[in-house]
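Engineer: no sequence on hand, only this structure:
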Ligand code: TLP
């Protein structure tokens, strides 16, 4: 990868590895809308096997994967229960409402990323013609806006049991579910055993250039395939992309622990930079959230512009806050250079 910047904005910025590029060049392909792309079929089987589900469906993006899941589970006027900080609620352009007429019931995310069972209980509607019909609960693991935190297998199981009790479906936005599994040192299937569907992303920390996989029962995936087509997500010789996805799953999962270790190092050292408050000084996975101390006269967009001049790109999430994300293309030296850049930019603005 030709990279002049240290890019900590997201793990979505990762480029494919040389091994992926080679596999892409050599991929056997066919028409996947006709179900004839052998490489896509292999990726879908591999993904389903790893997640302990019957079937998988290769989807162009995480957003489309979540949307396809919602539209497969819910009809117009149905309700999905989501966290107020969930990606689906905040950052998917309202697709479920715009395209599916699915109404969100928003419950507070706790700082650990969970939705409290008592809040879920209150969110489930009575059968009454005044109300939408409760149909779906969505959990996010790892939870992005809560700091890349992991939801444990016990919690996932508890919500699964609750969903079954209420005859609701459970979807997991597992964009970074492999980060969660690696951090918890559990098989990924243990985290999603009780989920009816799961989306995970190949093109974040796992480095593939494009794509996510939606997994669930054979019957669910059969229906989701039609929804993907409706959304314009049926791809033809997609084996070119799936080839990178196979390497992502086979070779890139265990190494996520390195990204987590670098996030810990980054957080620990940023705690020593005057003018910054690290919100998660002990990150569980690959994200560090920080904000400017009260009394610092510079704002986050300005800090980020100055960091960029020093070769470091960061994501400012509001005028006083940043998110930094470690990934395959950020090494130890980059972490130290980023730290030096932060210290240099903040030095002249720290309150005395
Ligand atoms: N998240 C992106 C931005 O959209 C915020 C990022 O940089 O983190 N679920 C979760 C939990 C996500 O974090 C994302 C992407 C998605 C779904 C959507 O994935 P894509 O970008 O493939 O549509």
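Structural biologist: Here it is on my side, so go on. Note that the coordinates shown come from a computational prediction; the quantities given were computed from them, not determined experimentally.
Engineer: residues in contact with stretch 239-256?
Structural biologist: Applying Cβ atoms under 8 Å, 6 or more residues apart in numbering, the contact partners of stretch 239-256 are 16-17, 19-21, 23-24, 26-30, 32, 37-40, 42-43, 46-47, 50, 58, 178-179, 181-182, 202, 205-211, 213, 235, 285-286, 328. No exception for glycine: its C-beta is placed from N, CA and C like everyone else's.
Engineer: from the chain's centroid, how far away is the longest strand along the chain?
Structural biologist: When the chain is parsed with DSSP state E, its longest strand is strand 133-140. With Cα atoms, centre = their mean, to the nearest Å as the basis, strand 133-140 stands 17 Å off its chain's centre.
Engineer: need phi/psi at residue 313.
Structural biologist: phi -100, psi 130 (degrees, to the nearest 10).
Engineer: report the contact partners of it.
Structural biologist: Per Cβ under 8 Å, 6+ apart, neighbours of residue 313: 5, 6, 7, 8, 9, 304, 307.
Engineer: returning to that earlier point: which other residues reach the longest strand of the chain?
Structural biologist: Here strand 133-140 has contacts from 66, 70, 73-75, 77-83, 86-88, 102, 105, 113, 115, 120, 123-125, 151, 156, 159, 162-163, 166, 168-175, 195, using Cβ under 8 Å, 6+ apart.
Engineer: look up how far residue 200 lies from the closest residue to the ligand within the chain.
Structural biologist: At 2.6 Å from the ligand, residue 62 is the closest residue in the chain, using Cβ to the nearest ligand atom. Taking Cβ to Cβ, to the nearest Å as the measure, residue 62 falls 8 Å from residue 200.
Engineer: any shared contact partners between those two?
Structural biologist: Common neighbours of residue 62 and residue 200 (Cβ under 8 Å, 6+ apart) are 175, 212.
Engineer: could you check which of these two is surrounded by more residues?
Structural biologist: Between residue 62 and residue 200, counted using other Cβ atoms under 10 Å, the more crowded position is residue 200 (30 against 27).
Engineer: next SSE downstream of whichever strand or helix holds the more buried one?
Structural biologist: Residue 200 is part of strand 197-201, with elements assigned from DSSP states H and E. The helix or strand immediately downstream of strand 197-201 is strand 212-216, counting by DSSP H and E.
Engineer: who are the packing partners of the very next helix or strand once past that next one?
Structural biologist: Under the assignment DSSP H and E, the closest C-terminal helix or strand after strand 212-216 is helix 218-230. Applying 3 or more Cβ pairs under 8 Å, 6 or more residues apart in numbering; DSSP states H and E, we find helix 218-230 packed against strand 55-59, helix 62-73, strand 212-216.
Engineer: please repeat the previous calculation with a cut-off of 6 Å.
Structural biologist: strand 55-59, helix 62-73 (3 or more Cβ pairs under 6 Å, 6 or more residues apart in numbering; DSSP states H and E).
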